[in-house]
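J.: Give me a model of this one.
(chains A and B)
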Amino acid sequence: MKPAPFEYVAPRSIDEAIAALAEGGADAKILAGGQSLIPLLNFRLARPTLLVDLNRVIELAYVTPRDGGVAIGAMTRQRTAEHTPELAHAQPLLVEAIGHVGHTAIRSRGTVGGSLAHADPAAELPAVAVCLEAQLTIAGPRGRRKVAAEDFFQGYLTTLLEPDEILIDSWLPPLRPRTGQAWVEFARRHGDFALAGVAVSLSLDAAGDVSAARIVLTGVGGKPERAREAETLLSGGSIAERASAAANAARSAIDPDSDIHASKEYRTHLAGVLTERAIRLAYERAKHAEPAALDVRRALETLGRHA
Amino acid sequence: MPERRRISVTVNGRVYARDVEPRLLLSDFIRHELRLTGTHVGCEHGVCGACTVLVDEELARSCLMLAVQADGASITTVEGLAAAGAGDLHPVQEAFWEAHGLQCGFCTSGMLITTVALLRDQPRPSDAEIRAALSGNLCRCTGYQNIVKAVRLAAERMAS
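T.: Model (predicted):
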């Protein structure tokens, strides 16, 4: 239960971090909040030769308005994001979901970027990033590139990140007017990894019908699973009739594994139940959401002044 | 063998400088290097909460941090809760004592630190908030009832 020996560097800038990672070669590993990596080190399931600790790269920790949306630096602590009131206005789904990530002691160390890069199949933030259509910025020795969150997650603990690259930033586009969102999950104890969870974002048109929907599940496959058929079923009609059809579609689209915590059948059923609840909750919120684009803009301006 | 690093950490107001291997966990640094054994080590993978301390006033699992990462940081362990030298317990410690919020005591230092942070951020927590805040700290003796009572008692006294 103690880590095997490794070399350690704590760079002060993104460029220094990229150089250190390149020098460390294939067995170098990035240390972000450490809430997943350090358990793996303690169990010796991971034995990197070099740890590149990003905790002193101050330029990676920020929440700031950008291009009408909001940008979150990869080393922003989950607890910081959770307690940024402007973010709760601008991106309510993100803040609601973060409240389910581990416990306070985990969130005060754990980072937004670390959770995305680790890509645990039962984690909240990867599903949220896909639901919110996040654009992720990756930096490496070949320069910077941007990828959609939906493409970033490749499978179980696997992303588009190359071993010599660092996730540096997530950009979340502004919400459409009259958008309601919900994160609903079930875990045996508060703070445990969920048996299943779902992120829903719905936008309504002037008549109150769904004009855009995004539904993403966690814990039911190797990566965040988008329920595309369910999204289509919700569009252009009243939710009362369509929510349960969409939940059934979500249920048939997934193929979760059985494990010690829940059987495949139970997880599939649960995912449907949670999806229907999340759709109804997001719809209620959307109905009461004012064409609140203005408020969100004001919130982001406040954030810009603090940043 | 990776070279040792010189680190300087303030723990309970006192500055300690030590040379440590990069792989040394903060929990082991506190217990073995500083001999502050009030911080307990349970699961060593971030589940049980026994090793919880405050790092720069924020809750952290000391088994999920490396000692080198704490260089320059200010840490509070359970030994730092009672008024230094005066022998007076912290109101949260008093409340755990009076409400029988512990049996074997193994989880208690983590429970105390977590409660101190909770009551700082949320002086009047509901029972649900108390339970949610303590859900990352496992106790195998008490059944939690008296722990929740102790937190409630501490909250009442500290707010009055």
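J.: looking at this, B:Arg18 is in a helix?
T.: No: applying DSSP: H, G, I helix; E, B strand; the rest coil, one finds B:Arg18 to be strand, outside a helix.
J.: Looking at strand pairing, list the partners for it.
T.: Note on B:Arg18: beta-bridge partners by DSSP bridges are B:Ile7.
J.: Test for you: state the pLDDT assigned to it.
T.: For B:Arg18, the model assigns a pLDDT of 98.
J.: Next: A:Gly236.
T.: Note on A:Gly236: pLDDT of 75.
J.: a helix runs through it, doesn't it?
T.: No: read with three-state DSSP, A:Gly236 is coil and lies in no helix.
J.: Distance check, it against chain B.
T.: A:Gly236 sits 39 Å away from chain B when distances are taken as Cβ to the nearest Cβ, to the nearest Å. C-beta coordinates here come from the backbone N, C-alpha and C atoms, glycine included.
J.: Contacts only, for the nearest residue to that residue once chain neighbours are set aside.
T.: With sequence-adjacent residues excluded and distances taken as Cβ to Cβ, 6 or more residues apart in numbering or on different chains, A:Gly236 is closest to A:Asp209, at 5.6 Å. Going by Cβ atoms under 8 Å, 6 or more residues apart in numbering or on different chains, A:Asp209 touches A:Ser235, A:Gly236, A:Gly237, A:Ser238.
J.: Can you name the residues of chain B sitting close to chain A?
T.: Residues of chain B lying near chain A by Cβ under 8 Å from any Cβ of the partner chain: B:1-2, B:5, B:21-23, B:25, B:28, B:44-46, B:49, B:52, B:58-61, B:63-66, B:68-69, B:114, B:117-118, B:131-133, B:135-136.
J.: Any idea how many residues pack against A:Gly143?
T.: For A:Gly143, the neighbour count with other Cβ atoms under 10 Å in any protein chain shown is 7.
J.: quick one: the helices in chain B?
T.: Assigned by DSSP state H, chain B shows helices spanning B:26-28, B:91-98, B:108-121, B:127-134, B:145-159.
J.: can these go into TSV with extra columns for mean neighbour count and mean pLDDT?
T.: Listed next are the helices of chain B as TSV, based on neighbours: other Cβ atoms under 10 Å in any protein chain shown; pLDDT from 0 to 100:
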stretch	mean neighbour count	mean pLDDT
helix B:26-28	24	98
helix B:91-98	20	97
helix B:108-121	23	98
helix B:127-134	17	95
helix B:145-159	19	97
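J.: Let's have those helices in TSV, adding distance to A:Ala199.
T.: Output for the helices of chain B, formatted as TSV (distance: least, Cβ to Cβ, whole Å):
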stretch	distance to A:Ala199
helix B:26-28	34
helix B:91-98	37
helix B:108-121	27
helix B:127-134	21
helix B:145-159	32
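J.: Residue in the stretch 1-150 of chain A with the shortest distance to chain B?
T.: Nearest residue of the stretch 1-150 of chain A to chain B: A:His103, at 2.9 Å (Cβ to the nearest Cβ).
J.: okay but B:Val20 is in contact with B:Glu33, surely?
T.: Yes: here B:Val20 reaches B:Glu33: they are 7.0 Å apart, a contact under Cβ atoms under 8 Å.
J.: Looking at these two, which is more packed in?
T.: In this view B:Val20 and B:Glu33 are compared by other Cβ under 10 Å, and B:Val20 has more residues nearby, 21 against 16.
J.: Nearest spatial neighbour of the more buried one, chain-adjacent residues omitted?
T.: B:Ala67 (4.7 Å).
J.: can you tell me which residues contact the one you found?
T.: Contacts of B:Ala67 (Cβ under 8 Å, 6+ apart): B:Ile7, B:Val9, B:Arg18, B:Val20, B:Leu24, B:Leu25, B:Leu26, B:Asp28, B:Phe29, B:Glu33.
J.: Assess the claim that the third one and B:His32 are in contact.
T.: To tie it back to what came earlier, the one meant is B:Arg18. No: the pair B:Arg18 and B:His32 fails to qualify as a contact (Cβ under 8 Å) at a distance of 10.3 Å.
J.: between the two, who's got more neighbours?
T.: Neighbours were tallied for B:Arg18 and for B:His32 using other Cβ under 10 Å; the higher tally belongs to B:Arg18 (15 against 12).
J.: what's near enough to touch that one?
T.: By Cβ under 8 Å, 6+ apart, the contact list for B:Arg18 reads B:Arg6, B:Ile7, B:Val9, B:Phe29, B:Glu33, B:Leu34, B:Ala67.
J.: Give me the pLDDT value at the residue nearest to the spatial centre of chain A.
T.: Residue closest to the mean C-alpha point of chain A, counted by Cα atoms, centre = their mean, is A:Leu125 at 2.0 Å. pLDDT for A:Leu125: 98.
J.: and it, that's in a helix?
T.: Yes: the assignment for A:Leu125 by three-state DSSP puts it in a helix.
J.: Grab the nearest non-local neighbour of it.
T.: Leaving aside its sequence neighbours, A:Leu125 sits nearest to A:Ser115 (Cβ to Cβ, 6+ apart; 4.1 Å).
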